[in-house]
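K.L.:
got a structure for you, letters missing:
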């Protein structure tokens, strides 16, 4: 007679158990006794940015493998990698950063500025240090606990403007520049820098125009820009829209004639593939070396890439993230050296790891990494490239981008 | 039908009760106890997943009132969530108003914007309305992105943690209580709304608007009311989301998210109170599961590189299509069937 | 003045491509009353298939095109047979949302099969731009415009004179009566989806040979919605006239409003037009006013 009730109870209990145990299971399996250095990686391995996120994820995991297996870890301690796929989704990124903090990671990284923006408030509140590989000014201004590995899109602009004024500009007075921006932080990062610095450098910004990531025709905006007679067209965007803008500029007879410069997100082989000969002579900046360049870290990186992820060979995102892995190891090494293995906390990592970085050369993969007080950008240099004979050719050494005094909020 | 054998309703109050029997109450109590003690045994990660689920339930409940009950298809829900999120962010960050003001203002402003874009529903329905809500989404996001002096534009805007009185909700567990209380309230209100004159009017409009009008339901008023309530809840969800993530970027509110919400209420069951809850849990757990299992599958079976990228949207799209074809009444209906068969067991014929 | 001419010419030629994709929508709506929200995704997947055939497999152009048409026909058949047919006589809400599910599925399938976000198709038309007065227009756009006008003509004739076309119109008007006349309604649905997919594929090939293949093709699908809303859901003529109007509005609006408002206003103009049309003339310029039946 009572067994029906019993059954109900059993149902409730099993439901309750299911709800409670599932999280426990996953939360419970942390905690091996041997001392390891826990580093968290929030990677956009799937989702709309997977094309960049996947090679980057592969690279940093390969690099961790290299450090742990071949170099025996950092100062003799293995790096315990906790990586999660954030699917390029802000809400997912927020759950992941909570997980990384809860798992007692010492530091974390993300690939993109968008994922960092969704993680950084939670990290800042917890004083949990981390850096983004590609970042936007908002991640590091005002400087808190978030750092940037590479120069951001604003720095690209600043470095290019500096280079232009010193080496290309021949005319009288101030050059006139038109900005053509992608309608997201990639594009508007350049605008932020331009608004702050242009006047000081001596450049007039005559037009600020915008395009979508998926544009197919920019004749309209370029017609307007053409009417303003600019000397430079600066494009901060991704390859596909950049190719459209360059092609349309050629059609309208603007180019050749003016100088076209673009940020590092535009400057890939896809740009040349899409716009062909029209891109000849276009300038651009890029923060890392090319595959096959003669730098110390190239050999190991190539070896690991070809062994584990041959499909990523030649992909520039692999280089940036391999460098990211080297920087993580260097930060951990510095912290151990300065405070010892037993006193490692996220705060110690920040104070004695991040902030002690001084001219670390990252195996030559990109510009040297230095922390200067008040500037949370780790690497500040880019190289200027030009498309010559269908090849992206470096034409300078490392050009340092000045710290831009943004005034946010 | 919904009652165990031998239990009968003798009064109106009994007939109306949501929790009718002692077992119902016991189950409710057990569930609440489990939920309110959850921070004790769930890790931070699962609490944050639970928080996300709670926020999504609020938003999906709003859409369910609009689309599930009133039949007005909106494919711009993420846009209205964005309005709520930014309203709350601007009020608490720039004007430094209390969180509670931000929360309510988020709901109200999102609701009012919803009214504007819902006005065409008076003359058009179905596909036309769907397209005008898509248009609403794009226009809203464009305005948010470019009204830099207020919203921070593409740069984004940071949001202080929620606080009520002296309590500041920073940790996941404290936010869990905040979100849980609001979610429970919203679900309870939605359940009751559906049983009032308003809710019945919504259903009448959904099933046949001409007939509803003939019966004396003011279509204009009720359709707009549905838009207001739906978008109000979207705004509340947006506000909670803003304070939970701490930093807003308009890119986080895409058209694909709007479609996701539609999928959630279809999979859960249109026009039921429990539907959004089932739908949200199903979708969020599916996401968690896929991210966990897809890379493993890919490396085990040497699948092409696009596998992990494509499998999520594919499974989700397939789920929508299959549910529409095979189980249009969603998981909520399955749950009813399960309850019925369990109640009658072992004599379920 | 020179600018105005440029804006007008660009607007009209770009608008013709929107019109072409809008035709695909109208075709399905006209014969089966289904609103195809997966339009952009159909364009996307056929562009990627083209890439697969012409670039990855390296087939000669004409073989590739035959395969693409066959692929589009098969795609249309599959979609109709397995997704829409089970939903015949379901509420309009289900019919719309099922295409959203389809949209999600196709996007997933595309990134599954082609895990790249950008690719270039071989150039189909000469590159040299043509000068009209002070304005320039690329030949690719002129070709695309010509092709959409030709397809519009063919479709109109088909619907006016061909037995199947007439049957399609009849089906849209009254399925019951058509069935009573012995016309196989399911075959008509199937035929209209196959044709619609071919149109989407042609649009996709043209667009992506000009601008490369990206997820942007999905957004072009959205712009096509503003074309059908303005033109009227069941009017080919409406689509072919509203397309250039939307293109003009975009370019003129972008050209003259950008300095007055914010950058990027061009992108939302089609959506603002949608909202305005909803308020003023919800059934569009040439649409049949009684769209839904009780």
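P.N.:
Perfect, thanks for sending it. Note that the structure is predicted; figures quoted are calculated from it, not measured.

K.L.:
contacting residues for the closest residue to chain A within the stretch 51-200 of chain B?
P.N.:
Relative to chain A, the nearest point of the stretch 51-200 of chain B is residue B:154 (3.9 Å; CB to the nearest CB). For every residue, glycine as well, the C-beta is placed using N, CA and C. Residue B:154 is in contact with A:183, A:184, A:185, A:187, A:188, B:145, B:148, B:249, B:250, counting by CB atoms under 8 Å, 6 or more residues apart in numbering or on different chains.

K.L.:
on the three-state scheme, residue 127 is what?
P.N.:
Reading this off chain A. Here residue A:127 takes the coil state, with states given by DSSP: H, G, I helix; E, B strand; the rest coil.

K.L.:
chain C, not that one
P.N.:
coil.

K.L.:
surely it meets residue C:209?
P.N.:
No. Applying CB atoms under 8 Å, one finds residue C:127 not in contact with residue C:209, separated by 11.0 Å.

K.L.:
okay, these two: which has more neighbours?
P.N.:
residue C:209 (21 against 14; other CB atoms under 10 Å in any protein chain shown).

K.L.:
the residue of the stretch 51-200 of chain B closest to chain A belongs to a helix?
P.N.:
Yes. The assignment for residue B:154 is a helix, going by three-state DSSP.

K.L.:
so what's it closest to, chain neighbours aside?
P.N.:
Excluding the flanking residues, the one nearest residue B:154 by CB to CB, 6 or more residues apart in numbering or on different chains is residue A:188, at 3.9 Å.

K.L.:
what's around that neighbour, how many residues?
P.N.:
30.

K.L.:
for whichever strand or helix holds residue B:100, what is the average pLDDT?
P.N.:
Remark: residue B:100 resides in helix B:99-118, with elements defined by DSSP states H and E. Mean pLDDT, computed over helix B:99-118, is 94.

K.L.:
pull the distance from the helix or strand just after it to the chain's centre.
P.N.:
Going down the chain from helix B:99-118, the next helix or strand is helix B:127-146, by DSSP H and E. Using CA atoms, centre = their mean, to the nearest Å, the distance from the centre of helix B:127-146 to the centre of the chain it belongs to is 19 Å.

K.L.:
any part of helix B:127-146 near chain C?
P.N.:
Yes. Using CB under 8 Å from any CB of the partner chain, helix B:127-146 reaches chain C at B:127-128, B:130-132, B:134-136, B:138-139, B:142, B:145-146.

K.L.:
now the buried members of the residues you listed.
P.N.:
With burial judged by 16 or more other CB atoms under 10 Å in any protein chain shown, the buried subset of those is B:127-128, B:130-132, B:134-136, B:138-139, B:142, B:145-146.

K.L.:
picking up where we left off before, for the residue nearest to residue B:154, list the residues it contacts.
P.N.:
By CB under 8 Å, 6+ apart, the neighbours of residue A:188 are A:181, B:153, B:154, B:155.

K.L.:
so the closest residue in space to residue A:407 that isn't next to it in sequence versus chain B, what's the distance?
P.N.:
The shortest distance from residue A:407 to any non-neighbouring residue, by CB to CB, 6+ apart, is to residue A:196 (7.6 Å). Shown here: residue A:196 relative to chain B, a distance of 13 Å by CB to the nearest CB, to the nearest Å.

K.L.:
list the contacts of residue A:196.
P.N.:
Residues in contact with residue A:196, defined by CB under 8 Å, 6+ apart, are A:404, A:405, A:406, A:407.

K.L.:
likewise residue C:29?
P.N.:
Per CB under 8 Å, 6+ apart, neighbours of residue C:29: C:35, C:36, C:172, C:228, C:233, C:234.

K.L.:
picking that back up, which of the residues in the helix holding residue B:100 are buried?
P.N.:
Buried-residue list, helix B:99-118, by 16+ other CB under 10 Å: B:99, B:102-111, B:113-114, B:117-118.

K.L.:
does any part of it sit near chain A?
P.N.:
No. Using CB under 8 Å from any CB, helix B:99-118 never reaches chain A; the gap is at least 14.8 Å.

K.L.:
report all helices and strands that that helix contacts.
P.N.:
helix B:77-89, helix B:127-146, strand B:162-164, helix B:219-245 (3 or more CB pairs under 8 Å, 6 or more residues apart in numbering or on different chains; DSSP states H and E).

K.L.:
on that earlier part again, got a pLDDT number for the residue of the stretch 51-200 of chain B closest to chain A?
P.N.:
84.

K.L.:
equivalent analysis for residue A:19, please.
P.N.:
The score at residue A:19 is 55. That number is its pLDDT.

K.L.:
of all the residues in the stretch 151-300 of chain B, which ones are close to chain A?
P.N.:
Applying CB under 8 Å from any CB, we find that the stretch 151-300 of chain B lies next to chain A at B:152-156, B:158-159, B:161, B:170, B:172, B:241, B:244-247, B:249, B:251-252, B:287, B:291, B:294-295.

K.L.:
scratch that, the stretch 51-200 of chain C
P.N.:
Neighbours of chain A within the stretch 51-200 of chain C, by CB under 8 Å from any CB: C:111, C:115, C:116, C:117, C:118, C:120, C:129, C:136, C:138, C:141.

K.L.:
filter those residues down to just the ones in helices.
P.N.:
Secondary structure from DSSP state H places C:111, C:141 of those in helices.

K.L.:
all strands of chain C, in order?
P.N.:
For chain C, applying DSSP state E gives strands covering C:129-132, C:135-138.
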